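Colleague: Give me a model of this one.
(one chain, ligands or ions: 1)
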Amino acid sequence: MSEFCFSKENEKKFNELKKRYPDIKAMMLPSLWLVQEQEGWISLDAMKFLAKKIGVSKADVYSVATFYTMFKLELKGKYHISLCKTASCKLRGSKKIREVIIEKLGIKHGETTKDGKFSFEEVECLGACGNAPVISLNDEYFENLTPKKIEELLDRLE
Ligand code: FES
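Modeller: Residues are numbered from 1 along each chain as shown. A predicted model of the protein is given here:
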């Protein structure tokens, strides 16, 4: 038995979304999003809940949740920054963006600031290579970044 359950609002959203899919197993990704929206991350307990809810194995939920970098498997900062470290972004200056982030926030890949406000990770391609270099800040993308742009963005959030 899992401790996690959907909020009333998310239970309602789940039931609405379910109507769109002929096979409830297709609810895997929307359900993971609902959990992340509700908790800020996806715990093993929540995965257990989803497995039962959509009728798949816990391993199935785990494999999907761990495959996509947009799913957070631990509690992150209020502002979670994912910096793409793949080729296009690298060629277009992601190293300089990384330096600004590390310098301004004082945290490296996989770390969270002491006040819990920012967390930072370097990830593989975010799928916006045409506008490299790219970060995602929570669920929003910031593209064609320059050191100045990332500095201004972080200043606005601090
Ligand atoms: S290489 Fe950075 S978004 Fe694809």
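Colleague: Which strand or helix spans L83?
Modeller: strand 79-84 (DSSP states H and E).
Colleague: so, in contact with the ligand or not, that strand?
Modeller: Yes. Strand 79-84 lies within reach of the ligand by Cβ under 6 Å from any ligand atom, at C84. C-beta here means a position set from N, CA and C on the backbone, and glycine is covered the same way.
Colleague: Which strands and helices lie in contact with that strand?
Modeller: Contacts defined by 3 or more Cβ pairs under 8 Å, 6 or more residues apart in numbering; DSSP states H and E place strand 79-84 against helix 94-105, strand 118-123, strand 135-137.
Colleague: Using a markdown table, please lay out those together with mean neighbour count, mean pLDDT and distance to the ligand.
Modeller: What follows is the helices and strands packed on strand 79-84, written out as a markdown table (neighbours: other Cβ atoms under 10 Å; pLDDT from 0 to 100; distance: least, Cβ to the nearest ligand atom, whole Å):
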| stretch | mean neighbour count | mean pLDDT | distance to the ligand |
| --- | --- | --- | --- |
| helix 94-105 | 18 | 98 | 7 |
| strand 118-123 | 20 | 95 | 9 |
| strand 135-137 | 21 | 96 | 9 |
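Colleague: Contacts made by the strand holding L83 with the rest, please.
Modeller: The contact list for strand 79-84 (Cβ atoms under 8 Å, 6 or more residues apart in numbering) reads 69-70, 72, 89, 94, 97-98, 101, 117-126, 128, 132-138, 157.
Colleague: Alright, calling it a day.
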